[in-house]
Structure formats: structure tokens, C-alpha cells
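1. show me how the following folds:
(chains A and B)
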Amino acid sequence: DVVMTQSPLSLPVTLGQPAFISCKSSQSLVYTDGNTLLNWFQQRPGQSPRRLIYKVSNRDSGVPDRFSGSGSGTDFTLKISRVEAEDVGVYYCMQGRHWPLTFGQGTRLEIK
Amino acid sequence: QVTLRESGPALVKPTQTLTLTCTFSGFSLTTSGVCVSWIRQTPGKALEWLARIDWDDDEHYSPSLMARLTISKDTSKNQVVLTMTNMDPVDTATYYCARTVYTTLDFDSWGQGTLVTVSS
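-> Sure thing, here's the model as predicted:
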């Protein structure tokens, strides 16, 4: 299985400050069509996961532009430019390139 | 508006078979590229993909659970059913269904999840 390794696992952030979450995959996530199949999800307390970013850097509809994704190959980053209170929750990366589909362990973002 | 809703028993006994139903609306599983997966989340919060069924009847399973899983669809009812045999307390989790479009754009919509506890 492709292992998705996130860091840090816990991320205390001051309101208004940036936050960065790293995700590394054990294999390349480049698909046969040239796209890289790496997604980011947010799970707020008591809610289902919600996709924020697909194919590394594409924001889903309704996702604030303070969220951005970057990276290539096996190394990816989710950036929140200015953390707001509603961003508290757990963030997961997920690869859709190889079977079985796999998720990272999750990064818990909290307000300092 | 796309919606998915999971349903099934909240409590099952060890060794029993679990049957979960995902009822969806706002899309069709006959549309090319559309797929529905089952994903679970253990109390420790890890997300684990279990199985997927595609618009063209292809089925994909997690190798570690393949022997215990069966996924099926009823397009007339807009439902996807997952069965898991020989349930164990370690299978206690919240089970979600989620949609994929264009074959590779995974999990753009999720259900609210259903908590299944395995206990005697």
C-alpha cells in the first residue's frame, strides 16, 4: 500500500497566522494522464470529512482562498494563509493513484 | 444537490454479517465516471478506504479486507450496499459512503456517516 505520512500531527496556530501541513507519499502519485492524484480533506469536530483541494492545487467550490495546495511527485503541502477559528479540525491528505486508496494519519489544527 | 446517506444497524455481534446501505440523490451511478466508495473511520480517527463500485460495474476492494467485503449497486433505487462478514470489535467505526466523479476525482461528496459498534 502507498503510505501517506503527514507532519506535524498536531498544529497549534495563533489566529491570523499561517499554517503549513506536509504530506509525503511512499510512491509517485502521477497518473497516466499526467495529473497528480493528491487530495486534501478537512474534518471539523462532529462532521464528515469535506474535500478542500483536489489534484494537488485545485480548490473545491466554496473553499476560502486562504487554503492552497502545492507540491509534486511525492511531496505535498497544504497552506492556510491566515488561520481563522472555523479552521479548527483535522486535515487529511489522500492519494487516488494506487489501489488501495489511502489517507494520511491526519493533522489536528487547534488555536493557540 | 448531491446527497448521500448511510443506513444500517448501530450494533452488531461478533461473527455476524454487517449490511450497510448508501442511498444517494442528485446524481446517477449510470453516468460514465461516477463511482461510490465506502470508507470507515475508527474511534482513533484514522480513515480507511474499504471498497468502490463504478458506473460500469467494476468493483475494487481493500486487499486487507477483500475476503470479507462485497459491494453492489441498485441503480433503480440509487443505492449502494456493502456487506462485511465475520464482524469483530476492531471493526467498530463510523462508516461513510462518498462519491467519485470522472473516475479519479475522489470523494467530492460524503454522507453523514453511521456508527457501527461490534459488541456481544
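2. quick check: residues of chain B near chain A?
-> Contact residues (CB under 8 Å from any CB of the partner chain) of chain B with chain A: B:37, B:45-49, B:52, B:60-64, B:96, B:100, B:104-108, B:110-113. C-beta coordinates here come from the backbone N, C-alpha and C atoms, glycine included.
3. from those residues, which land in strands?
-> Judged by DSSP state E, the subset of those located in strands is B:37, B:47-49, B:52, B:60-61, B:96, B:100, B:105-108, B:110.
4. quick one: end-to-end length of stretch A:9-19, please.
-> 13 Å (CA to CA, to the nearest Å).
5. and the average pLDDT for that stretch is what?
-> On average, the pLDDT along stretch A:9-19 is 98.
6. can you pull the buried residues of it?
-> For stretch A:9-19, the neighbour count (16 or more other CB atoms under 10 Å in any protein chain shown) marks A:11, A:13, A:19 as buried.
7. make TSV from these and add distance to residue B:1 to it.
-> What follows is those, written out as TSV (distance: CB to CB, whole Å):
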residue	distance to residue B:1
A:11	33
A:13	33
A:19	31
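8. and the residues you listed, which is closest to chain B?
-> Closest approach between those and chain B, by CB to the nearest CB: residue A:11, at 14.8 Å.
9. how about the closest one, what does it touch?
-> Neighbouring residues of residue A:11 by CB atoms under 8 Å, 6 or more residues apart in numbering or on different chains: A:19, A:21, A:107-110.
10. would you mind giving the secondary structure of residue B:67?
-> Assigned by DSSP: H, G, I helix; E, B strand; the rest coil, the conformation of residue B:67 is helix.
11. can you give me the neighbour number for it?
-> 9 (other CB atoms under 10 Å in any protein chain shown).
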